[in-house]
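Enquirer: pasting the structure only:
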């Protein structure tokens, strides 16, 4: 055990820190759940990409730096501590990206990964359907093969920012006689293809954060399939756990709000100290964020030792989503009368928009697999309890 | 709405208070989970009975006073505030008693109720079996009719203080071809009958608080059956909900420990005030105990208006058992280093044996139907969620 | 001892409920939420015609002469239907305030009558309070300082609009134009009056939170009873069952606490502020639990603007610190527990409930 | 950055674990619990033969020269098997203490050697601490006051036995016979040394709690995988699944916190006391959660003396306030968070981990 960073790791941190200090946008971008903000974020992604900071773990030929997981954690720490913009293309970069790297053909990788890294292609995920949410195997959308094409029909939903995006990816039923996990294929679809209709869904914050995507005989070449036909479930699951558990939400993403929570505490120290439980809540938030950070590094150690991570990533999902809620609930309790204000209100707390994070935190226990499903997974796969 | 007590109610309170002040044992009785303590408690029950304070709600001819529920609540308040002894025969008096009053024949009432009120007969409940705990309908013990007798065989368990008691009551399968809730009969059995073997089970506190009862062709007259043959489930359930929800655990039983918790708080005020969350825990305990008390009176009001109480009593079970845990966990946190001491330790907190209550509180979420089952009942019967 | 509501009280509650069910249906609410004013004059007029504004007005001023106990039921209804208006401030809190003013205050009778008919809109402000609801619409603003009560018109204040997450709320940072007009009340009486006024504001806040919690629960029950996953209604999954069971438990255990506090207020009991504090803590917790579990029960739908749930969640969130931070109420309880060692005596539940 | 244990460390842990699995099986434990002494000399001897007592002893004194990081694993094992002995006080805490003593202390070498061989039993006491574990058996008692460290033999103290709910614990209210012997250490160095000693006691407490939590979880998993109700294994009910999932989450999230704290101690990092405080809070919470949910998973069996679970629950309860109240550790964290605004900076996780 050696818990100091190597000189190379320290140098990398320094380099990222310096680059961000010089390059990150001088003012906060508009919300990426609006068209204008979306494009501002796309532009920022391009800046990142050109400096090869967009996907640091990807190989150089795909626009990355071939960083290892420790360097990725360092990058994330610096990125969040700089309050740099939220990553607008993460559903593509973090969910589809690793899948392509593992299952894509060389041609597919060249075709899709660099423009994903640069955000020239913005990706919206197409996992859920109206009747396939927690129960993802209930997918009904079909892809019928006709020569070199699939003809896709059906509906996807909860597709994040799909009204602004360029592409979507998801599972489609290629074997019409199949059921549940069988007979599905993993297919990518351009969102400007004929036959596609996109209807926005307003999120709690009133913005068009998701959309329904309707597929009306949309034709895509069979080259748009990732992995073998009928093997979609396996392809999707192979990367799902680890990605969702760790890469999707780096610890730094939660440590930074805890830092802001401590600022808020100091700003309202008299009120917090007078409260019967808020100080404990602040301590708990920091403790949980630290545990999550330490656990990420510890997991990386296990991976480096050749261990595999499976259902543990469900623990991560539970922890980060509930931590995020707790951080924001604590902030709201500290804010008192100001807690109900929109971030834009003239007398809202000036240094951080807590409302935005509070609303988004509500979705944490639901998206990327509800926490009920995650706890089932932990119990059944990690503890071997009966189904 | 009139939340003042009538002059008659006040007079009754005064009378109970005075009587208890003059008659309650001058020192704490030994634990009723020991033979000696059991008999001490039996003697106290006789004193209560002779003053007609044993079962205040029972009619006068059965040894009671015909009190209404408000008077019962008043009695309980005075009983617990006096720190009078725990009621050793409550499983008979509170579970079997009301069942006999509703379903017993006149002969059965005369035969069983007065000696139950006086605790000449001590009763142990015989609900659970090794494979019928939460799933009580899985009962297998049989009662085979032969002429005017039932021949009973099988096993009951978790029978509280059965090694000291005189009688047991429970459900037995009288129809050998039946399953689940059908074909059961409600039968009472003397524990000195030939064929009965009782094996004690040590509780967390190391005392023989429960027992297993083995029935090896035990003969009882059919007059020992309460209600119709095969109707045992209905008989048991008719009174189960309300009794378990309210009568089994009066609010005063929890308010008194909260009072002691406040004494503990004042005793260790510096430590509690320095803690980040204990003051909030104390406030919560009082609030919960008050809610439970208010809710009892409010429920009585609804009953007086002719409403029926059903699954609401499962809410009560959840509330009182979790409140009891919270009170004792809070006390343990206040006690610090002393929290692990047996009540008998020379340097344990002197004014109250918190350990005894702490251990017993652990069983609260389990006995009288686990809280998991209670929450199922609330969801399914009160909220009409699907099974 | 009769811890029940009279048939008249229940009937009045039922009437208000049925009326709001139609007049303040979610579709109506949603429209109001999307309007700039966040207000529907028609709805307020209809509510006044229903007699709700006159509930607290003494009969001598053509009102119904109801008290805090009746309001403990009505506040739950106004919460249940998330009425997009600060009407409780006028109809309950201000009406109480005005009845307590000395008879020398010339406008007393007019104010009371106009509240009853729905013509007058009142806001209540305290110098230590940051925001005032609906100050822009108020005909009269009662402005409390530590030892004076002023009556201001809304052109005698400068207002800065502070948008709330509840689109139907209108909150303002208010600065009175100086010099203030002569106070209508001065000295120690002001703080005493404000304590009583604040208690009404706080208990109404608790009542609304309970109503909101019940609504969130009802919406969740509807949802889990029709949404299927894994071939089963999601309401049949134990994890969701237990969450919703906890919500109904919290609501049911809090109701009697609300009613005792209302009764204590109505009877001027010295412990009334303590009992109000108690129910504020519990009702806010119940509503927070209801919001959390309801979102979870609704899955991704719970995170959308399209589902009605969001309006009730946001209103409940917006009301969490109105009329005082929860920690203030917690301290009130704690101080009482320390000052009065016998408060938890099992015989104390209804002691001293008269003045 | 290498946040892993070496193969040697893991092998040693494994060896200790396998050894204790046999030598300290629940049946053995149960026998010891029922004996008056609450101690098994054979077990202690066997543990010493296994080398556990010599883990921390410097190699110069025939020990293994291991440090805090190794102990973070061993403490978990001793917790997992609920070793009925205060041996950590001797083998880890006292061994550390003695190595820190000035070389002038004549007995230093003898003490270290005798700890390693298992001959010496040490208790550690502080004037502000109420109870001392195993003081009646101690060959040497290190007694700290604010500015002096005395070495007492157990006939130089008066002891009052205070039975613990954990029948294998022997707790004594200790009063030293006055006058005290001359201190072996005086002045500011005493408080500094005690802080280091207390940190070891506290982190070992956290490690044991984690081990106990794991044991309670394992026993529960076994139970719910064989107990049927309603025709199904009770482990298939979602309510129990989710409870046990929360227990494993708490354990797994706490482990790395334990290891960082141990590393910080081993490297004399200035933040080590903070990191120890953090893991004490978390490990105690994890053990409390494990106890609560394990009892529930065991149903009525969980309330009995017959089931092994009770021994682990009681030991965990008994250790909840040993080496300091949780609130002291919480205040340590809070003070640090206020004093060091950047503590939650995302880049701080491993900053300053060397002395």
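Expert: Received the coordinates, thanks. Given the structure is predicted, the values throughout are model-derived calculations rather than measurements.
Enquirer: rest of the way, CA atoms for contacts and neighbours
Expert: Will do.
Enquirer: List the buried residues in the longest helix anywhere in chain C.
Expert: Identified as the longest helix of chain C according to DSSP state H is helix C:188-224. The neighbour-count check on helix C:188-224 (16 or more other CA atoms under 10 Å in any protein chain shown) flags C:190-191, C:193-194, C:196-221, C:223-224 as buried.
Enquirer: what's near enough to touch residue A:191?
Expert: In this structure, residue A:191 makes contact with A:165-168, judged by CA atoms under 8 Å, 6 or more residues apart in numbering or on different chains.
Enquirer: re earlier: run through the buried residues of helix C:188-224 and flag the ones next to chain B.
Expert: C:221, C:224 (CA under 8 Å from any CA of the partner chain).
Enquirer: just to revisit the earlier point, quick one: which of the contacts of residue A:191 sit in strands?
Expert: Under the assignment DSSP state E, the contacts of residue A:191 contribute A:167-168 to strands.
Enquirer: on that earlier part again, and the longest helix of chain C, what other elements does it pack with?
Expert: The criterion is 3 or more CA pairs under 8 Å, 6 or more residues apart in numbering or on different chains; DSSP states H and E, and the helices and strands that helix C:188-224 contacts are helix C:68-80, helix C:95-100, helix C:238-266, helix C:272-298, helix C:309-318.
Enquirer: what's the following helix or strand after it?
Expert: strand C:228-229 (DSSP states H and E).
Enquirer: List of residues touching that next one?
Expert: A:131-135, C:234.
Enquirer: try it again with 6 Å
Expert: By CA atoms under 6 Å, 6 or more residues apart in numbering or on different chains, the residues outside strand C:228-229 that reach it are A:135, C:234.
Enquirer: roughly how far out does it sit from the chain middle?
Expert: Chain-centre distance of strand C:228-229: 37 Å, with CA atoms, centre = their mean, to the nearest Å.
Enquirer: Over to stretch A:92-104?
Expert: Distance, centroid of stretch A:92-104 to centroid of chain: 13 Å (CA atoms, centre = their mean).
Enquirer: can you check stretch C:14-28 too?
Expert: With CA atoms, centre = their mean as the basis, stretch C:14-28 stands 17 Å off its chain's centre.
Enquirer: thinking again about what came up before, relative to residue D:148, which of the helices and strands packed on helix C:188-224 is closest?
Expert: The closest of the helices and strands packed on helix C:188-224 to residue D:148 is helix C:272-298. By CA to CA, the value is 48.9 Å.
Enquirer: So what angle separates the directions of that closest one and helix C:238-266?
Expert: 160 degrees (axes from the mean of the first three to the mean of the last three CA atoms, to 10 degrees).
Enquirer: one step back: what would the helices and strands packed on helix C:188-224 look like in a markdown table with mean neighbour count?
Expert: Putting the helices and strands packed on helix C:188-224 into a markdown table (neighbours: other CA atoms under 10 Å in any protein chain shown) gives the following:
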| stretch | mean neighbour count |
| --- | --- |
| helix C:68-80 | 25 |
| helix C:95-100 | 19 |
| helix C:238-266 | 25 |
| helix C:272-298 | 26 |
| helix C:309-318 | 24 |
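Enquirer: how long is stretch A:56-69 end to end?
Expert: Terminal residues of stretch A:56-69 lie 10 Å apart, using CA to CA, to the nearest Å.
Enquirer: Over to stretch A:22-41?
Expert: Start-to-end, stretch A:22-41 (CA to CA) is 17 Å.
Enquirer: For it, which outside residues touch it?
Expert: A:207-209.
Enquirer: Quick one: distance of that stretch to the chain centre.
Expert: Worked out by CA atoms, centre = their mean, stretch A:22-41 lies 17 Å from the chain centre.
Enquirer: One more: stretch A:146-163?
Expert: 21 Å.
Enquirer: Which positions in it come out as buried?
Expert: For stretch A:146-163, by 16+ other CA under 10 Å, it's A:149-163.
Enquirer: Stretch A:174-182 now?
Expert: For stretch A:174-182, by 16+ other CA under 10 Å, it's A:174-175, A:181-182.
Enquirer: what are the ranges of the helices in the stretch 1-150 of chain C?
Expert: Listed in chain order, the helices of the stretch 1-150 of chain C (DSSP state H, counting those that start in this stretch) span C:7-23, C:26-34, C:41-49, C:68-80, C:87-88, C:95-100, C:108-117.
Enquirer: Determine which of those approaches residue C:341 most closely.
Expert: helix C:68-80 (28.2 Å).
Enquirer: which one of the buried residues of stretch A:146-163 sits closest to residue D:116?
Expert: Using CA to CA, the buried residues of stretch A:146-163 come closest to residue D:116 at residue A:160, 62.3 Å.
Enquirer: picking up where we left off before, out of the buried residues of stretch A:146-163, which sit inside helices?
Expert: Using DSSP H, none of the buried residues of stretch A:146-163 sit in helices.
Enquirer: So for stretch A:97-117, mean pLDDT?
Expert: Averaged across stretch A:97-117, the pLDDT comes to 95.
Enquirer: Identify each buried residue in that stretch, please.
Expert: By neighbour count on 16+ other CA under 10 Å, the buried set for stretch A:97-117 is A:97-101, A:103-104, A:108-109, A:112-117.
Enquirer: nearest to residue D:251, of those?
Expert: Out of the buried residues of stretch A:97-117, the member with the shortest distance to residue D:251 (by CA to CA) is residue A:98, at 29.5 Å.
Enquirer: re the thing from before, which of the helices and strands packed on helix C:188-224 sits closest to residue B:294?
Expert: helix C:238-266 (5.6 Å).
Enquirer: which helices and strands sit right next to that closest one?
Expert: helix B:278-304, helix C:68-80, helix C:272-298 (3 or more CA pairs under 6 Å, 6 or more residues apart in numbering or on different chains; DSSP states H and E).
Enquirer: right, and the ones you listed - which one's nearest chain A?
Expert: helix B:278-304 (5.3 Å; CA to the nearest CA).
Enquirer: chain center to that closest one: distance?
Expert: 19 Å.
Enquirer: Do me a favour and average the pLDDT over that helix.
Expert: 95.
Enquirer: tilt between that helix and helix C:238-266?
Expert: With the same axes, to 10 degrees defining the directions, helix B:278-304 sits at 80 degrees from helix C:238-266.
Enquirer: and the helix or strand following helix B:278-304 with helix C:238-266, angle?
Expert: Counting by DSSP H and E, the next helix or strand C-terminal to helix B:278-304 is helix B:312-335. Per the same axes, to 10 degrees, the angle that helix B:312-335 makes with helix C:238-266 is 80 degrees.
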